[in-house]
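In: Prediction below, plus the sequence it came from.
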Amino acid sequence: MIINVQNNNSFSKNIVSNLEIMLCPEIREKIRMVPKDIKDSMEEIRLRINQPLMLFVNNQDYFISKTGGLSYDTKDSYIVGKKNIENTLQFITNYSIYSVEEELRHGYITVQGGHRVGIVGKVLYDSTGIKTMKEFTGLNIRIAREKKGVATNILRYLINNQGEFMNTLIISPPQCGKTTLLRDIIRNISHGIPYLNLKGLKVSVVDERSEIAACYQGVPQNDLGLRTDILDACPKAQGMMMLIRAMSPEVIATDEIGREDDSRAIHEALLAGIKLITTVHGKSLEDALSKQVIGDLLKEGTFQRIIILSNKKGVGTVEKIIDGISFKNLLQSPIKNKVAG
Amino acid sequence: MLFKLIISLIIIGCSWMIGMIYANTYIERSKLLASMLSTMQMLETEIVYSGTPLPELLQKIAKKSRREIAKIFLLTAEILNRKEGYLFNEAWEQAVKTETKNTSFTKEDIDLLISLGKNLGISDSKDQIKHIHLTMEEIKRSYELSIIEQNKNVRLCRNFGFLIGITIVIIFF
């Protein structure tokens, strides 16, 4: 099954030109020369000190040559220098590294448009933890694309006969679209889904890594629906408790649970009759079952629906949707979730 | 006779004015340096306590600063906001060079500002404080010197202008 979402050209152009202004002039010029179809689907721009400039597109690495062409081998490729990284970082931080000290401590910055820039370098450390980072050696610019519509085909599996949203867990390896799917599910249940008789639910999101809503200077860069409250950059367990008390949510959404205190907060939420949607890293149900916290939650039957993602038929392939009580797969065949990006 | 008297008065008046203008440049310069110091103080406070990014920060401080400094800040912010790919120090240097023409900034002041621009924004706040303090120290030194110069020269210039005027009148009439 293929979902075709109309690709708004001006929007995708916007994404790239928004990104381009964050690169130093030399690299900006190279990226500008990249063919449009690659630009539209690129996922990462990689800058590593004294290494070729690389793009990661559709699970494939490309090197950018000095003339701006793409190639599979490193011959003649454009080599990223220290200056390139430092200067790019200047543009990314709005010329003010001191203003992102907190973010540097976590190793990434969320920029306008919801893109994330991962940063490595020399870390300064003291007894209270990581102090700051300097002498930067690599940047990973991850391009965020809000793919509205990726959840459309699976929503009907997540709502029961009484028209209630069921506790859902998304299991996925990295880079298979788990956050993208989570975001779209949140947006849908927050708006309400008339054809499934689901009225809009109050959703509270604990966005610990600022990835779901991707807040930039306090403004969510992604549409999470009209009944969604976002607690940005808050530790999950504490955040969930805060939201239960303060925002009277009907659904709580978080990303990547796995710690002991997460489980306590989840139980608290379940006691309060709140539904959950969350994600975990893993390849299969067995993988997740073998993990301590999430495995226990699964065995208790906390999650009524378990979605397993892969990139076998492209990013965001829904391999299985499993019933959390009987552990039976509800899908006949995997859903190839192709959304033109 | 009356004609001569009027001309003499005009000559004395003019040269006295010229002396005043010279004297004022000394006063202006120390005033400028004093306000540069307070601007630097604001810069430091904003960086440390609110972490505002530079383009916004410069615009904010410009409102509370002396015109000459405000102009540099505003032009820098404008260049940066155009996002044409200029680094901070490039935009800053361009602004400093354009906006210090016909002002009381000396070459040393301009060099000092340019070297501050090379360090602004590129490190954490601790490091930023160091650079700002260093600049402030330099400005303080210039300020003290300018006060000494001012005390020495202001009266001199005023008197000198007046005396030159009288000399001219005596020689020619």
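Out: Looks like it came in fine.

In: Spell out which parts of chain B neighbour chain A.
Out: Selection of chain B residues close to chain A by Cβ under 8 Å from any Cβ of the partner chain yields B:47, B:51-55, B:57, B:80, B:83, B:85, B:87-88, B:121-125, B:127-128. Any C-beta I mention is one placed from the backbone N, CA and C, and that applies to glycine too.

In: can you rerun that using 6 Å?
Out: Neighbours of chain A within chain B, by Cβ under 6 Å from any Cβ of the partner chain: B:47, B:51, B:53-54, B:83, B:85, B:87-88, B:121-125, B:128.

In: Determine which two of the residues you listed are furthest apart.
Out: Distance extremes for the residues of chain B next to chain A: the farthest pair is B:Gly85 and B:Ser125 at 25.7 Å, using Cβ to Cβ.

In: among the residues of chain B next to chain A, who's most crowded?
Out: For the residues of chain B next to chain A, counting by other Cβ atoms under 10 Å in any protein chain shown, the largest number of neighbours falls to B:Leu54: 27 neighbours.

In: Quick check, pLDDT for it.
Out: According to the prediction, B:Leu54 has pLDDT 93.

In: out of the residues of chain B next to chain A, who's nearest A:Asp287?
Out: Distances from A:Asp287 to the residues of chain B next to chain A, taken by Cβ to Cβ, are shortest for B:Asp124, at 39.9 Å.

In: dump the residue contacts of the closest one.
Out: Neighbour list for B:Asp124: A:98, A:101, A:132 [criterion: Cβ atoms under 6 Å, 6 or more residues apart in numbering or on different chains].

In: pLDDT added to those residues, as JSON lines?
Out: Shown next, in JSON lines, are those (pLDDT from 0 to 100):
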{"residue": "A:Tyr98", "pLDDT": "91"}
{"residue": "A:Glu101", "pLDDT": "88"}
{"residue": "A:Thr132", "pLDDT": "84"}
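
In: and the residues you listed, which of them are in helices?
Out: Within the contacts of B:Asp124, residues falling in helices by DSSP state H are A:Glu101.

In: which of the contacts of B:Asp124 has the most neighbours?
Out: A:Tyr98 (24 neighbours).

In: these two touch, right, that one and B:Asp127?
Out: No. If you go by Cβ atoms under 6 Å, A:Tyr98 and B:Asp127 don't touch, sitting 7.9 Å apart.

In: residues shared between the contacts of those two?
Out: Counting by Cβ under 6 Å, 6+ apart, no residue touches both A:Tyr98 and B:Asp127.

In: from the chain's centre, how far out does the helix or strand harbouring A:Arg46 sit?
Out: In this structure, A:Arg46 is located in strand A:42-48 according to DSSP states H and E. Mean-position distance between strand A:42-48 and its chain equals 16 Å (Cα atoms, centre = their mean, to the nearest Å).

In: how about the lengthiest strand in chain A, does it reach chain B?
Out: Looking across chain A with DSSP state E, the single longest strand is strand A:129-142. Yes. Using Cβ under 6 Å from any Cβ, strand A:129-142 comes into contact with chain B via A:Thr132.

In: got the angle for that strand vs strand A:42-48?
Out: Relative orientation of strand A:129-142 and strand A:42-48, computed by axes from the mean of the first three to the mean of the last three Cα atoms, to 10 degrees: 130 degrees.

In: Tabulate the CA atom coordinates of the next helix or strand after strand A:129-142 in PDB.
Out: Remark: after strand A:129-142, the chain's next helix or strand is strand A:168-172, criterion DSSP H and E. In PDB, the C-alpha atoms belonging to strand A:168-172 read as follows (Å, rounded to 0.1, in the frame of the first residue of the first chain):
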ATOM      1  CA  THR A 168       0.900   1.900  22.000                       C
ATOM      2  CA  LEU A 169       4.500   1.100  21.800                       C
ATOM      3  CA  ILE A 170       6.600   1.700  18.700                       C
ATOM      4  CA  ILE A 171       9.700  -0.600  18.400                       C
ATOM      5  CA  SER A 172      12.200   0.500  15.800                       C
END
